[in-house]
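*Asks:* need a structure here:
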Amino acid sequence: MTNEEMLCHVDHTQLKPFATWEDIEKLCEEAITYKTASVCVPPAYIKRIKDKYGDQINICTVVGFPLGYSVTAAKETEVREALADGADEIDMVVNISDVKNHLFDQVEEEIRTLKAACGSHILKVIIETCFLTEEEKIAMCKAVTNAGADYIKTSTGFGTGGATMEDVLLFKKNIGPGVKIKAAGGVKTKADLEAFLNAGCDRIGTSSAVGILNGEAAKGY
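*Replies:* Numbers count the residues shown, from 1 in each chain. Sure thing, here's the model as predicted:
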């Protein structure tokens, strides 16, 4: 798999809480140069990116991030504000407490509400696999499918663990045909990128892809 074939599946990511505008500009310039799938950025930077780069970049942002326990109405407002500012894709975090309490119908309804707010825009659902049992992961596969979301995503990159091959293979067995997979967190080498893409992931969330494919050491998300 060529570097170009891998990079077109990468959500080039900068979500550190202390990210400066210079950091974001660097991310965007790299995304344009290397033709990544998107930049994944904090909501506060969406409008500034849109104003400077226009349609040169696909803008992805995060909602309920990174802990997921905001109320649904707050997450819905975040979605609508992000889209109004120029975001193209939304990565939401589920209410992990609800998942741990096995309130799966409630989680599904929240995803459905946010997908309705997204409309034709892509919604990716972060389930934060490092905190879940296999039973809970399977339940989330069903919730994401039933709610009509576009992707199930492994991790925020801020939890105790990131994407694993075991979780990706579990997703493949349990999601519906309309749902794609995004692996995120801990994708640090070219071999990681290739392995997750070959396993069936459509997107990879990482801050390291451009660097590692240019021979640099991985760092960050």
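*Asks:* Let me see the contact set for the residue positioned nearest the centre of the chain.
*Replies:* Centroid-nearest residue in the chain: residue 91, 4.7 Å away (criterion: Cα atoms, centre = their mean). By Cβ atoms under 8 Å, 6 or more residues apart in numbering, residue 91 lies in contact with 11, 40, 60-63, 65, 124-126, 153, 182, 205. Yep, even glycine has a C-beta here, placed from its N, CA and C like the rest.
*Asks:* In strands only, show me those residues.
*Replies:* Using DSSP state E, the subset of the contacts of residue 91 located in strands is 11, 40, 60, 61, 62, 63, 124, 125, 126, 153, 182, 205.
*Asks:* thinking again about what came up before, and the residue nearest to the centre of the chain, helix, strand or coil?
*Replies:* With DSSP: H, G, I helix; E, B strand; the rest coil as the basis, residue 91 sits in strand.
*Asks:* is it in a bridge, and if so with what?
*Replies:* residue 62, residue 124 (DSSP bridges).
*Asks:* Show the low-confidence segments of the protein, by residue range.
*Replies:* For the chain, the stretches with pLDDT under 70 are 217-221.
*Asks:* quick check, distance from stretch 6-24 to the centre of its chain.
*Replies:* Relative to its chain's centre, stretch 6-24 lies at 12 Å (Cα atoms, centre = their mean, to the nearest Å).
*Asks:* Could you verify my assumption that residue 68 touches residue 126?
*Replies:* Yes - taking contacts as Cβ atoms under 8 Å, residue 68 lies within contact range of residue 126: 7.5 Å.
*Asks:* For these two, work out which one has more neighbours and name it.
*Replies:* A direct count of neighbours by other Cβ atoms under 10 Å for residue 68 and residue 126 places residue 126 higher, at 30 against 23.
*Asks:* so that one touches residue 158, yeah?
*Replies:* No - if you go by Cβ under 8 Å, residue 126 and residue 158 don't touch, sitting 10.0 Å apart.
*Asks:* any common contacting residues for the two?
*Replies:* Common neighbours of residue 126 and residue 158, using Cβ under 8 Å, 6+ apart, are residue 65.
*Asks:* hang on, the earlier thing: of the ones in strands among the contacts of residue 91, just the buried ones, PyMOL syntax please.
*Replies:* A single PyMOL command suffices to select whichever of the ones in strands among the contacts of residue 91 are buried according to 16 or more other Cβ atoms under 10 Å:
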select buried, resi 11+40+60+61+62+63+124+125+126+153+182+205
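*Asks:* Great, nothing more from me.
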